[in-house]
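Undergrad: After the sequence you'll find the predicted model.
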Amino acid sequence: MDIIVLVKQTFDTEEKIVLQDGAVSEDGVKFVVNPYDEYAIEQAIQIRDELGGKVTVVSVGPERAAEALRTALAMGADEAVLISDDSLAAADESAISRVLAAYAGQRSYDLILGGNFSVDNGAGQVAVRLAQLLGIPHVSSVTKLELSGGSATAHRDAEGDVEIVETPLPALFTAQQGLNEPRYPSLQGIMKAKKKPFAQLALSDLGLSGADVQPAVSRVSLSLPPQRLSGKVLKGDIASQATELVQLLRSEAKVI
């Protein structure tokens, strides 16, 4: 069972967001494996341990993303691949999915796993786009996954309900919280990770150029939400309170 796991490095969820020159500052920021991707890594390791095979974790991002991949190796993944290129600096979900499709198209696989979404952008697009580009089935927000022969049965979270989907392999699944309990890398796992295969690829290694990964969208601006103002207590009788409320809604809140 050859399994590819999509991994993204994101801000630690406890980090404070600071904007500098219209961009999120990374100075002194702690980065971690995207929490939803941890469920995907754990599920891949469990499947490999049960059925045999190999788990390859792959990430598209800057050089620092290697740290997230090494964490996945320490958890128990077999191989890691970092796809990094200066042309990907402004890549969006569309571009990232095209890069991953080029990588997956060069190798055989039975299963692709990823997180339901990333906690930074929260778009949840990459896996869906990748499945479409590869022409394979896709099931999102999976809370239970069972493999039997050449097919898979997935339980997916459907906004408080559960949908049970059966699909042939190869297929792509994205992990939701509750799928499993991700393990912590042990000291032994960390030491072993240093000896596991770690490849770094550029776009040219995948037969791509900068023109092939142009983003479909561009960010016009980025700003923090306005500072929340303190509440106001309206005084007087009901009629005067209503009059003042309407004036505030028109002049300050600008909602009427």
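TA: Nice, I can see it.

Undergrad: C-alpha from now on. contacts and neighbour counts both.
TA: Will do.

Undergrad: following the lengthiest helix in the chain, which helix or strand comes up?
TA: Scanning the chain for the longest helix, with DSSP state H as the assignment, gives helix 35-51. Sequence order places strand 54-60 as the next helix or strand after helix 35-51, per DSSP states H and E.

Undergrad: Check which helices and strands that following strand is in contact with.
TA: If contacts are counted by 3 or more Cα pairs under 8 Å, 6 or more residues apart in numbering; DSSP states H and E, strand 54-60 sits against strand 2-6, helix 35-51, helix 66-75, strand 79-83, helix 93-104.

Undergrad: could you redo these as TSV and give each row mean pLDDT, mean neighbour count and distance to Ser204?
TA: Formatted as TSV, the helices and strands packed on strand 54-60 follow (pLDDT from 0 to 100; neighbours: other Cα atoms under 10 Å; distance: least, Cα to Cα, whole Å):
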stretch	mean pLDDT	mean neighbour count	distance to Ser204
strand 2-6	97	24	20
helix 35-51	97	22	27
helix 66-75	96	24	19
strand 79-83	97	23	10
helix 93-104	96	20	11
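
Undergrad: And these: which comes nearest Ile164?
TA: Among the helices and strands packed on strand 54-60, helix 35-51 comes nearest to Ile164, with 17.7 Å by Cα to Cα.

Undergrad: which residues touch the closest one?
TA: 1, 3, 5-8, 54-55, 57, 72, 75-77, 113-119, 174-177, 179-183 (Cα atoms under 8 Å, 6 or more residues apart in numbering).

Undergrad: Export it to PDB, keeping only CA atoms.
TA: Only the C-alpha atoms of helix 35-51 are listed here, as PDB (Å, rounded to 0.1, in the frame of the first residue of the first chain):
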ATOM      1  CA  PRO A  35      -3.100  20.100  13.000                       C
ATOM      2  CA  TYR A  36      -5.500  18.400  10.500                       C
ATOM      3  CA  ASP A  37      -2.500  17.000   8.600                       C
ATOM      4  CA  GLU A  38      -1.400  15.200  11.800                       C
ATOM      5  CA  TYR A  39      -4.500  13.100  11.600                       C
ATOM      6  CA  ALA A  40      -3.700  12.200   8.000                       C
ATOM      7  CA  ILE A  41      -0.100  11.300   8.900                       C
ATOM      8  CA  GLU A  42      -1.300   9.100  11.800                       C
ATOM      9  CA  GLN A  43      -3.900   7.300   9.600                       C
ATOM     10  CA  ALA A  44      -1.300   6.600   6.900                       C
ATOM     11  CA  ILE A  45       1.100   5.100   9.500                       C
ATOM     12  CA  GLN A  46      -1.700   2.900  10.900                       C
ATOM     13  CA  ILE A  47      -2.700   1.700   7.500                       C
ATOM     14  CA  ARG A  48       0.900   0.900   6.600                       C
ATOM     15  CA  ASP A  49       1.500  -1.000   9.900                       C
ATOM     16  CA  GLU A  50      -1.600  -3.100   9.200                       C
ATOM     17  CA  LEU A  51      -1.300  -3.700   5.500                       C
END
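
Undergrad: Hmm, Val5 is touching Val60, no?
TA: No - using Cα atoms under 8 Å, Val5 is not in contact with Val60, being 11.8 Å away.

Undergrad: circling back: relative to helix 66-75, how tilted is the longest helix of the chain?
TA: For helix 35-51 against helix 66-75, the angle by axes from the mean of the first three to the mean of the last three Cα atoms, to 10 degrees is 30 degrees.

Undergrad: got the end-to-end distance for stretch 105-121?
TA: End-to-end span of stretch 105-121 (Cα to Cα, to the nearest Å): 26 Å.

Undergrad: Show me what it is in contact with.
TA: 1-8, 10-11, 13, 34-41, 44, 123-125, 127, 134, 140-141, 169-176, 206.

Undergrad: Centre of the chain to it, how far?
TA: Mean-position distance between stretch 105-121 and its chain equals 9 Å (Cα atoms, centre = their mean, to the nearest Å).

Undergrad: hmm, back to that, wait, which of the helices and strands packed on strand 54-60 is closest to Glu252?
TA: Shortest distance between Glu252 and those, using Cα to Cα, is found for helix 93-104: 37.7 Å.
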